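**Q** Sharing a model prediction with you, sequence too.
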Amino acid sequence: MPTLLVVPADARSQAARWSRGAAHLAAFTAQAGHARVPKRWVAPDGYRLGLWVAWQRQQERHGRLHPERRAALERLGFVWEPHRAREAALLRAALAAAATAPGTWAWHLDRRDARWLRTAHRRGRLSPVAQRTLEVLGFSWSASAAAFAHGLAMLRRYRAAGGVVPVRQSTRQEGYHLGAWVHRQRQLAKRGRLAASRRTAIEALAPGLLAEGRPERTRTAERRIP
């Protein structure tokens, strides 16, 4: 008579819980097109998939994840090191953008991605290769410095195209709100809050720009320029 294999109830319940998590991950992957689940992600039915995914990574780090479960997760495109995966994706995007728009690509980078890169750099979590590559491409680790550099570049192009001073608040250069940027620099200079190096850079391109009188007012909604 064959021997019956009795599976403990707690083992069956653990398997059921794991299968439930895997099913939610499969649903997420099918909808999102990837398996990079945010840690705080909660499924529509209230299932905390983000925590389940984090637990699988922890189990794997400690060597406690069964090989069959690991294989099942990898078939779904599971990302074991999300930080490195995102870094690699952003680095590829930066290289592609810099090839088509050198000098201005960083300004058009998604703000969330730019903030992620700067935060990772500040915390020492960027790989040396990524850090060096981004620096060679001209990425600034300071959001304020990057915004000023882009405004200055747009002012340079405006002047090269024959743009005159004073610059009106409604002035745009290649879609950029140059007039709003200039107005902001005037305000900072008036309050004594514009760095000497920035003042010098502006005056070198457009002498007297910061000392101009009141610029034309406009009712057009403008983006806040740092």
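**A** Received the coordinates, thanks. Numbering: from 1, shown residues only.

**Q** how far does the longest helix seen in the chain sit from the chain's center?
**A** Using DSSP state H to define each element, the chain has its longest helix at helix 9-32. Centroid separation between helix 9-32 and its chain, computed with C-alpha atoms, centre = their mean, to the nearest Å, is 30 Å.

**Q** which residues are in contact with that helix?
**A** Under the contact criterion C-beta atoms under 8 Å, 6 or more residues apart in numbering, helix 9-32 has outside partners 35, 37, 41, 43, 47, 49, 52-53, 56, 69, 72-73, 76-78. Every residue, glycine included, has its C-beta placed from N, CA and C.

**Q** ok, and the most crowded of those residues?
**A** V53 (24 neighbours; other C-beta atoms under 10 Å).

**Q** Who are the contact partners of that one?
**A** By C-beta under 8 Å, 6+ apart, V53 lies in contact with G21, L25, V37, K39, W41, F78.

**Q** How about W80?
**A** R57, E60.

**Q** Over to A93?
**A** L109, D113.

**Q** Could you tell me which residues make contact with the nearest residue to S140 once chain neighbours are set aside?
**A** With sequence-adjacent residues excluded and distances taken as C-beta to C-beta, 6 or more residues apart in numbering, S140 is closest to A146, at 3.9 Å. The contact partners of A146, taken as C-beta under 8 Å, 6+ apart, are A106, W107, A114, F139, S140.

**Q** A146 and G50, how far apart?
**A** 31 Å (C-beta to C-beta, to the nearest Å).

**Q** same question for stretch 52-67, mean pLDDT?
**A** Mean per-residue pLDDT for stretch 52-67: 93.
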